[in-house]
Each structure stands twice: as structure tokens, then as C-alpha cells.
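S.K.: Any chance you can model this:
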Amino acid sequence: MNNIENPNDLNDLNDLNDLNEIGQYSLMDLFDDYSFIEKWQKVFEGLDFPQESGEYKWAKFQILRLWAPAAGITVPLLMILLMMMFSSYQPTQRPSVEVLIAEPEIIEQLQDIKPIEETEIIPPEFVETDVISDTPSEFRGPDTTPGNPEPFSPQPAAFDSVAFVKSPLILKGVYGSRNPGQRGGLLGNHGGGSGTEDAVLKALRWLKKYQESDGSWDTKSGGGPAEHYPSKSAMTGLALLTYLAHGETPSSDEFGPTVEKAIKWLLDNQRNDGRFPNEGDSNEYGHPIATYALCESFGMTQIPMIKDAATKAVDVIVQGQHPSGLWNYKCNMDDRNDVSYSGWCAQALKASKMAEIQNDQLDSSLKKAALGFKSAYRNGPFAYELKDGNGGNLASASVLCLQLLGNGKAQETKSGMDWLNQNATFDWVNPWGGNAIYYWYYLTQAKFHVGGDTWNKWNKKFSPQLVMNQVVMKGAGIDGKDIGYWTGLDDVCKSYVYNTTLCTLMLEVYYRYLPTFKPIDEEIKDENKEEKIGVDVNVKINI
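M.R.: Now for the predicted structure:
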């Protein structure tokens, strides 16, 4: 390597390529002394040389040196700029879904579950008679009805008894006593028994078998004679009342079709003026009796079509009431006041009140009726017609109607019952009066509402005799079960249907209505009690 004394004299060099070999480090230092513009001028000059030359390589090297600081700043700035651009860009928005993150629940450790031991389930034996109550009663003595050798001690109904009974609605208040559960309890509490209930079922099955094809009954149905109340309206109304008293409705398993056909016949045969055909019943007893049955039918089913028919029928009775408070045959407005006919009219209006069938004059009509029966009072007995000076067996009808009309404590009612206790008897062989079953129908209910010793004594007489004198037909029912009916006791009423319906209603007295002798707090409790058994909200009658 040659030793150069004056490094500034570069002209003495033959080849610029020797620059790198001679003092490239010194030149680098010199390059740093240039200004920024001068540095780029030198770089551009070097780039004009061939790529293989040292000038070109030197220029490239300087570019790298110059670019490095700038790149350290510009590149991050470019990256930041790009990130800002991408963050500001939003694609087509999609529906957002709000997500709630629930706090995890702390699950306590479960205790070990012990396996259930399998036991054999023995189904309860089905009992046809709905008698259920083991509540003692001061009014119940030993069951002396025929066909029951042991004292009757009804038990509460099993919870699954709903499988055997259907009811269209919840029966409450006055109708709640007809539910199977309450019916059995009241049957035992008030002195009924398996014998009385068996007789009722036999009678209902007899009526079912001899119902006419159109859904009605007449006085000749079942083979009986046609005397007394010959109209289908009266017989159909009475028969329907026996089923309703037992809690039967169009949805009942055994008697539902029978009840439905009977209601349908009454609806189909009611005239436009609200009355029912008399068919030989010149006094038209059939109208108040059919009205009575329709009112109870609506009260237990709430079928609007029945309400419409009952409303029209009730209006006929209300409009036919005399100023005296009583009625005459046909609900006409002459001056005759018949206490017997008035008895059915009063029962129909009471049923209308219980079923909540609206009539603007109903309440005043009920009050007038009570005054009318009081006016028939004759110092113990009650007159058959207001013009009569003496009294007779109409005391039983008058006393019951006064009780139903809220006058159970009236002096006329108490005095009339005292007279009946002294004079009225129940003897199937030697019947009391000329129309005994008719009078007993009223008297049994009247004594039941008095309760106490009055009812207990009467119950021990009428119940065994009535059951014993039922004509039983073994295996003659539609389903092969026993059926039964009652014949007449005199020449006035020999119709099997007529006598069977009244006797059946007597044996249903234990649960047909709540007794009026009960304390007020007990009555309120019973009216608020509701029992849901086989509720069927789709009950209807195909018209």
C-alpha cells in the first residue's frame, strides 16, 4: 500500500476504485460532514456510475444509511394510518343480538336419593251407592231400612271417586249438597242409609227404562194407569226432578242421556208464549211442574238455551199471580185461589231464584206468595182454597212453601207444623188422607227442614216403609240391574210414574236441599264450599 502524504490530492490516483481500499472509513466520516442536501447530491452522482463500480455501490450504501432513520419513523406512522383506516371502515351492519351472561348459580349438593320400594296397589272395590260420611249426627239413629242387616256407617269417598262420576259444573250453594261427596255425608248425617239410596237407584233405573222414545214420560209409562196429571209435561217434569235431585246432569255416566232427552223434550215442546202443552190436563198442572224442572236444570248446567226457556216459563207464573199472592189453575186471573196449584208455582219460583234466573218482579212475587199462604191458615190446618172456611191436608204444602219462602219461623208455619205433628201419620197400609203420597211428598220435606226430634221421628217411620213397599224387578233394567217403582194407594193417583217420582223425591230429601234448621254460619259455610268432581265444561244438549 502506498503512503500518501497529502490525502487531498486525489488527482494522483489512477483509479477511483482504490478509494475504498485506501480510506473508505475516512470518507464515511467526511460524508457525515455534508449537509442533508449535499449528501443526496453525492448519492445521485454515484448512482450515475455503472452498477459494478464502487461509486454506484457507495451511493446505494449511503441511501441505506439515509433511509434508515426515516424508515424508523415513517413505517410506524404508515402502520398506524392503515390501522386507523381499517378501524373506521364498517361493513353492512347486521342485526345485533344482546347477550346476557347470567351469573352461575351455586348448586347445593343433593342428598343421596333412596330408591322407592315397590308395593302392590290394590284398587278399591267399586260401590254403586254414593254414601260417604262418618260424621256422627244427633239426628241419625240405626239404619233400619230393608236390605241392610248391619248398622249403616258411611265412609268418606275415596279421592279417585271422580272416575265414576261426572258433573258438568261445580255445584255450589243449594246444589252443592247433590255432589257425590257431600251427598253421601248428608245421607248419613240426616238418617238415610244404603237401603234408601238403593231404592232411589232402582227407581231412577226404572224411569230410565220406561222413558218414551221422544224423551218424555206420561201416566201410562211403565204400564201404570193414566189417572191424575195426565199430561206429559207434568210427568216429564217430575221425572227430571228426581234425576236432578240426585245430582245427575246430561254428562252423567249412567243417566246422562236420560236427563238430556228429558230436557230436550221440554225445550222442544214449549210454546211461543212460554207455556207447555196440557194434553188432557185441563188444570195445566204441567206448567209449574215443568218450569220447576227447567229452573233446576239451568241451575245445575248453566246451559243458556235452558235459561231462555225457563225465563219465559217463569214469566207466565209471575204474570198469573193474583193480588192475594196465590194462583189458580192455568195461571189465569179469575178470583179463585187454589193452594194446591199455588204450591207448585211457589216451588218453581223458588227454584228460579236459586238458579238466578232474572225477572224484575220475582222478589216481590215471592213475598206476595208468602202472604198468600199465610192467608190460607186456619188455626192449625190450611184451607184448600181461600174461600173455604175449614182446613185440611194442604197444611203440609203450605208449611213447606212458607219455609222455602223464608218464613220458617212465622207463627202460621210453626202452628201448622204442630198440627201436622199431632195429626199426620205415615202408614202404607192405612194411608193418611185421600191423596196420601202427594201429602207425604210435602210433609217429608217440611219435617226435614224443621229437623231435630220432629224429623228424627218421621224419618224412622216413612223411610223403612217406603223402601219396603217398592216393587222391585230383579235384573229387569236396561243394563241387567234391579229396578223398582211404587204403585198408587187410592183411586186418585194410580199412575206408576207419578207415584214413583214423588216417592223417589222423598227418599232424596237427605241431600236434595240444605235443611233450613241449620245455623246461619253453617249455611254460609256450605254455600261457599265448592267440590270439583269430574268437571266437564263442554256439556251441551244437541237441539
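
S.K.: how about the helices in the stretch 151-300 of the chain?
M.R.: 180-189, 194-209, 232-245, 256-269, 286-301 (DSSP state H, counting those that start in this stretch).

S.K.: among those helices, which is nearest L47?
M.R.: Nearest of the helices of the stretch 151-300 of the chain to L47, taken as C-beta to C-beta: helix 286-301 at 113.0 Å. No exception for glycine: its C-beta is placed from N, CA and C like everyone else's.

S.K.: and the angle from that closest one to helix 232-245?
M.R.: Orientation of helix 286-301 against helix 232-245 (axes from the mean of the first three to the mean of the last three C-alpha atoms, to 10 degrees) gives an angle of 30 degrees.

S.K.: ok, back up a step: columns mean pLDDT on top of the helices of the stretch 151-300 of the chain, output as TSV?
M.R.: Below are the helices of the stretch 151-300 of the chain laid out as TSV (pLDDT from 0 to 100):
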stretch	mean pLDDT
helix 180-189	85
helix 194-209	97
helix 232-245	96
helix 256-269	98
helix 286-301	97
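
S.K.: Dump those to JSON lines, plus mean neighbour count and distance to L394.
M.R.: Converted to JSON lines, the helices of the stretch 151-300 of the chain look like this (neighbours: other C-beta atoms under 10 Å; distance: least, C-beta to C-beta, whole Å):
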{"stretch": "helix 180-189", "mean neighbour count": "24", "distance to L394": "29"}
{"stretch": "helix 194-209", "mean neighbour count": "24", "distance to L394": "26"}
{"stretch": "helix 232-245", "mean neighbour count": "28", "distance to L394": "19"}
{"stretch": "helix 256-269", "mean neighbour count": "21", "distance to L394": "27"}
{"stretch": "helix 286-301", "mean neighbour count": "28", "distance to L394": "16"}
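
S.K.: And those: which comes nearest M506?
M.R.: Closest approach to M506 among the helices of the stretch 151-300 of the chain is made by helix 194-209 (9.4 Å; C-beta to C-beta).

S.K.: and that closest one, what other elements does it pack with?
M.R.: If contacts are counted by 3 or more C-beta pairs under 8 Å, 6 or more residues apart in numbering; DSSP states H and E, helix 194-209 sits against helix 232-245, helix 452-468, strand 483-485, helix 496-507.

S.K.: re the thing from before, okay if I get the helices of the stretch 151-300 of the chain as a markdown table plus distance to G280?
M.R.: Formatted as a markdown table, the helices of the stretch 151-300 of the chain follow (distance: least, C-beta to C-beta, whole Å):
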| stretch | distance to G280 |
| --- | --- |
| helix 180-189 | 36 |
| helix 194-209 | 21 |
| helix 232-245 | 10 |
| helix 256-269 | 14 |
| helix 286-301 | 10 |
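
S.K.: Nearest residue to K202 in space, please, no chain neighbours.
M.R.: Spatially, and ignoring its direct neighbours in sequence, K202 is nearest to G484 (3.5 Å; C-beta to C-beta, 6 or more residues apart in numbering).

S.K.: Share the number of residues neighbouring P250, please.
M.R.: P250 sits with 26 neighbouring residues when counted by other C-beta atoms under 10 Å.

S.K.: oh, and call the first residue 42 from now on, that's how I've got it
M.R.: Sounds good: first residue 42 from here, last item P291.

S.K.: Could you tell me the per-residue confidence at it?
M.R.: P291 carries a pLDDT value of 97.

S.K.: what about the strands in the stretch 442-584 of the chain?
M.R.: Ranges of strands in the stretch 442-584 of the chain, per DSSP state E, counting those that start in this stretch, are 512-514, 524-526, 571-572.

S.K.: just to revisit the earlier point, format the helices and strands packed on helix 235-250 as JSON lines; extra columns: distance to D239.
M.R.: Output for the helices and strands packed on helix 235-250, formatted as JSON lines (distance: least, C-beta to C-beta, whole Å):
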{"stretch": "helix 273-286", "distance to D239": "15"}
{"stretch": "helix 493-509", "distance to D239": "8"}
{"stretch": "strand 524-526", "distance to D239": "9"}
{"stretch": "helix 537-548", "distance to D239": "10"}
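
S.K.: if we can go back for a sec, quick one, which of the helices of the stretch 192-341 of the chain is nearest to S405?
M.R.: helix 327-342 (17.9 Å).

S.K.: The helix or strand just after that closest one - contacts with which helices or strands?
M.R.: Per DSSP states H and E, the first helix or strand lying C-terminal to helix 327-342 is helix 345-360. Applying 3+ C-beta pairs under 8 Å, 6+ apart, we find helix 345-360 packed against helix 297-310, helix 327-342, helix 380-395, helix 403-416.

S.K.: residues of helix 345-360 that come out buried?
M.R.: For helix 345-360, burial by neighbour count (16 or more other C-beta atoms under 10 Å) applies to 347-348, 350-359.
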